[in-house]
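Peer 1: pasting the sequence and the predicted coordinates here, then a few questions.
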Amino acid sequence: MHIPQTGLSKQEILATLRAFKSRDMDWKSGRVFCYVYNPGEDPTEVTREAYLEFLTENGLDPSVFPSMLKLETDVVRMVLNLLHGDSNAVGHLTTGGTESIMLAVKTARDKARAEKPHIKEPEMVLPKTAHAAFHKAAHYLSVKPVLVDIDPATFKVRAEDMEKAITENTILLVASAPSYSQGVIDPIEEIGKIAQNHNLLFHVDGCVGGVHLSFMRKLGYDIPDFDFSVPGVTSISTDLHKYGYAAKGCSVIMYRSKEIRKYQIFACTDTTAYTLINPTVLSTKSGGPYAGAWAVLNFLGEEGYMRIIKTVQDAVKKLIDGINAIPELHVLGGPVMCMFSFASDSINVYQLADEMTKRGWYIQGQFSTPLTPRNLHISINFGNAHSVDALLKDLRECVEVVKTKTPIDTDMIKAMVGTALQSPDPEAAFGQLAASAGLTGADLPSEMTFINEVLDNLPDALCNVFLVNYFNDLYV
Ligand SMILES: Cc1ncc(COP(=O)(O)O)c(C=O)c1O
């Protein structure tokens, strides 16, 4: 594709762009159970207009755009107040959970460099359920992730196991409120005490939970303390572009004090260009996501969020009860908000996901680990809460369909994976295996069961290599 010699008309462009979406999953119908958080038409329209109003303003320099400073400090303060931050607590807006988490890790690393210079190989202690963004931060920032197993009955980390993993190189403890995979909250209060006893920073990943759990608490649900009200919690990430229902590109990274936050900020004058001071990863940044977040928080207000969250939690209860009533399925652990996963002892859940996809639903498959069975994940939000009866009906029917299908021969798949692993070039052999399953080019195969089986049986390291190669081929 080349830039056209002569520009196209607005009509042509918009029609073409809309046509690009024709093969996307239809999230507007409420049949997609991840990736999209839809507060309904009016809040979306207000967000859209606010976003466009600030499309071109640049957050790089608050002296030129004081409006951006105002938007950012207002939004951060609203979220800090929700999360019991006191007047010493501070924060910044970022582009998403991953950036917020990377900054929390960078801050911990640079604080340790300044205050504990004897630490040459910094480590952070992570529950196995921590989001992959921490592994990415570890990879980018040369901090070693020390993984702690979870309790396989509750899917929560045990505080004593976190403590055992602390060494003289530890710079940061991490826990989730809640974790994505099973939607459970780690023992934040106990880990907070450990952090204080060992004089360590402690980050709570509230990317999905920060807003939703806070309003559940206001509605009277039984939610354990997970925020700055817990002594020892030193930073929290909360994504507004998830259950804050803001437009994508907006998360908040918050610290208990400026003394910690200062290690996040980067300044550089060692250049012939303009003086650069960046509190977050990006330098030039659109005002759109900031204005969108400011708008939706103010448009919904506390009452609007509580209405949404009540609707969502009612749907969650119905769906969890309905899934547990299907004899072949069971929900894992005790999910606390609106994200959970379910597994089966008798049918192949990847086949179930494929059957549901054929009926227009999207439910995310999650691979097994030594402590968690393979499972399917569901995130409910206001935009799909109305679909739970239809979802349950199709789940019941699809379980029956899967029962009539030839079961996947997992021993055969294990043997194929084993053969590929023993080949002189396992990467290439596995690439061939994936190609035979139809996983090449931009089009995903219509059925994912086979490829999910193969990936689930691969050692993590090789699985990661394969996925990197796949994406390396997918994009030009
Ligand atoms: C618990 C948790 N933390 C962090 C992230 C990363 O957020 P993002 O996709 O906005 O980078 C996610 C994403 O789903 C998450 O669920």
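Peer 2: All right, it came through fine. This one's a predicted model, so the numbers in the text were calculated from it and none came from an experiment. Numbers count the residues shown, from 1 in each chain.

Peer 1: residues near the residue of the chain found nearest the ligand, how many?
Peer 2: When scored by Cβ to the nearest ligand atom, the chain has residue 97 as its residue closest to the ligand, at 2.4 Å. For every residue, glycine as well, the C-beta is placed using N, CA and C. Other residues near residue 97 number 24, with proximity taken as other Cβ atoms under 10 Å.

Peer 1: same check on residue 261?
Peer 2: Around residue 261 there are 22 other residues, counting by other Cβ under 10 Å.

Peer 1: list the contacts of the residue lying closest to it once chain neighbours are set aside.
Peer 2: Take residue 261 and drop its neighbours on the chain: the residue closest to it by Cβ to Cβ, 6 or more residues apart in numbering is residue 255, 4.2 Å away. Taking Cβ atoms under 8 Å, 6 or more residues apart in numbering, we find residue 255 in contact with 89-91, 107, 234-235, 261, 264.

Peer 1: which of those residues has the most neighbours?
Peer 2: When neighbours are taken as other Cβ under 10 Å, the top entry among the contacts of residue 255 is residue 235 (29 neighbours).

Peer 1: state the distance from that one to residue 203.
Peer 2: To residue 203, residue 235 is 5 Å away according to Cβ to Cβ, to the nearest Å.

Peer 1: return the set of buried residues in the helix or strand hosting residue 160.
Peer 2: Residue 160 is part of helix 159-164, with elements assigned from DSSP states H and E. Using 16 or more other Cβ atoms under 10 Å as the burial criterion, the residues of helix 159-164 that qualify are 159, 162-163.

Peer 1: ok now the next helix or strand after that helix, how far from the chain's centre?
Peer 2: On the C-terminal side of helix 159-164, the nearest following helix or strand under DSSP H and E is strand 170-176. Using Cα atoms, centre = their mean, to the nearest Å, the distance from the centre of strand 170-176 to the centre of the chain it belongs to is 17 Å.

Peer 1: elements contacting strand 170-176?
Peer 2: Strand 170-176 makes packing contacts with helix 97-115, strand 123-127, helix 188-197, strand 201-205 when contacts are defined by 3 or more Cβ pairs under 8 Å, 6 or more residues apart in numbering; DSSP states H and E.

Peer 1: so where's this protein uncertain?
Peer 2: Judged by pLDDT under 70, the chain has its weakly predicted residues at 441-442.

Peer 1: what does it put close to the ligand?
Peer 2: On the criterion Cβ under 6 Å from any ligand atom, the ligand has as its neighbours in the chain the residues 96-98, 101, 131, 133, 176, 180, 205, 207-208, 239, 251.

Peer 1: what's the local residue count around residue 66?
Peer 2: The local packing count at residue 66 equals 10, with neighbours defined by other Cβ under 10 Å.

Peer 1: no wait, residue 92
Peer 2: 22.

Peer 1: which residues touch the strand or helix carrying it?
Peer 2: Counting by DSSP H and E, the element that carries residue 92 is strand 90-94. Where contact means Cβ under 8 Å, 6+ apart, the residues beyond strand 90-94 that reach it are 72, 75-76, 79-80, 85, 100, 103, 250-255, 257-258, 261, 264, 279-282, 289-290, 293.

Peer 1: rewinding a little: highest mean neighbour count out of the helices and strands packed on strand 170-176?
Peer 2: Across the helices and strands packed on strand 170-176, averaging neighbours per residue (mean count of other Cβ atoms under 10 Å) puts strand 201-205 on top, at a mean of 28.

Peer 1: what packs against that strand?
Peer 2: Using 3+ Cβ pairs under 8 Å, 6+ apart, the elements in contact with strand 201-205 are helix 97-115, strand 170-176, helix 188-197, strand 235-239.

Peer 1: all strands of the stretch 251-400 of the chain, in order?
Peer 2: If you assign secondary structure with DSSP state E, counting those that start in this stretch, the strands in the stretch 251-400 of the chain sit at 251-255, 266-268, 276-278, 330-331, 339-343, 364-366, 375-379.
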